[in-house]
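K.L.:
Provided below are the primary sequence and the corresponding predicted coordinates.
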Amino acid sequence: MGVPFAAYGSDCVEGQARINRTMFLQLLGAEWLPSIRDVHARLVSDPPARVADIGCGAGWSSIAIARSYPKSVVDGFDMDEASIDLANRNAAEYSLRSRVTFRAKDAAKAGGTGQYDLVLAIECVHDMSDPVSVLKTMKKLAKTNGTVLVVDERVAEQFQPEAGLIERMMYGWSILHCLPVGMAGQPSAGTGTVMRPAVLERYAKEAGFSRLEVLPIDHLFFRFYRLHK
């Protein structure tokens with residue numbers, strides 16, 4: 001019913017990585033995370049913070065965090081082996097292999113509970129066949145006082161017949177890529193790129209979170225969510 005991510009080939013992996021590379025390296029550790037004061041404080045303090053990057057792709061988000069927070073230790077998880085191979089090469093280029101580890105496996109099977117100070121998923125929850133299970137895993141991996149963040153597309157809060165240009169672009173991505181990828185695993189939530197805040201809030205509550213908070217971080221394409229245990 002869907003199209004597996006691997007079927008899109010290396011051009012898709014590398015193309016998406018190039019789209020995100022500069023943005024993550026310039027903004028993730030320099031603006032976005034520092035604006036969340038308690039998260040920033042933990043990332044700069046001792047003992048070294050542990051971070052789980054779910055759906056890390058080619059690793060630029062993990063690398064950005066490790067570069068901006070030299071004490072942090074980051075584990076990146078992704079199901080796509082080609083993406084993980086590229087992520088390892090990228091981390092080696094920045095001499096970060098001692099603090100950044102990438103694993104081509106389901107984070108739910110990584111073992112352990114309450115290991116991480118920060119668990120985040122950037123621009124990938126809407127691609128997941130079973131987003132509720134992913135969020136349950138993120139909740140499980142986070143320490144009792146840890147933070148769970150989801151960064152996803154800044155689409156309109158409600159459907160609008162006269163959608164703007166960005167919303168139309170998101171629908172295009174959804175039809176051509178994100179929805180088919182999400183439908184490749186069955187049963188599927190069939191979310192697609194246009195995941196509105198209310199949809200993520202429903203997923204979060206089904207996963208056992210008490211509430212979802214939209215963070216006051218302004219970005220043209222992304223909306224930032226904090227999921228409270």
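P.N.:
Happy to help now that I have it.
K.L.:
Which stretches in this protein count as strands?
P.N.:
50-54, 73-77, 100-103, 116-122, 142-153, 211-214, 222-228 (DSSP state E).
K.L.:
mind checking which of those is nearest Asn20?
P.N.:
strand 116-122 (8.1 Å; Cβ to Cβ). In short, each C-beta sits where N, CA and C put it, glycine included.
K.L.:
That closest one pairs with which strands?
P.N.:
Using DSSP bridges, strand 116-122 pairs in its sheet with strand 50-54 (parallel), strand 142-153 (parallel).
K.L.:
can you state the direction angle for that strand and strand 73-77?
P.N.:
Comparing the axes of strand 116-122 and strand 73-77 via axes from the mean of the first three to the mean of the last three Cα atoms, to 10 degrees yields an angle of 40 degrees.
K.L.:
List the contacts of strand 116-122.
P.N.:
24, 39, 42-43, 49-55, 61, 75, 134, 138, 141-143, 146-152 (Cβ atoms under 8 Å, 6 or more residues apart in numbering).
K.L.:
And stretch 191-209, by the same measure?
P.N.:
In contact with stretch 191-209 (Cβ under 8 Å, 6+ apart) are residues 125-128, 131-133, 135-136, 138-139, 148, 150, 152-153, 155-159, 167, 170-171, 173-175, 177-179, 182, 189, 211-212, 214, 223, 225, 227-229.
K.L.:
Do you have the helices of this structure handy? List them.
P.N.:
Along the chain, counting by DSSP state H, helices occupy 9-23, 37-43, 60-68, 81-93, 131-141, 165-173, 179-183, 197-206.
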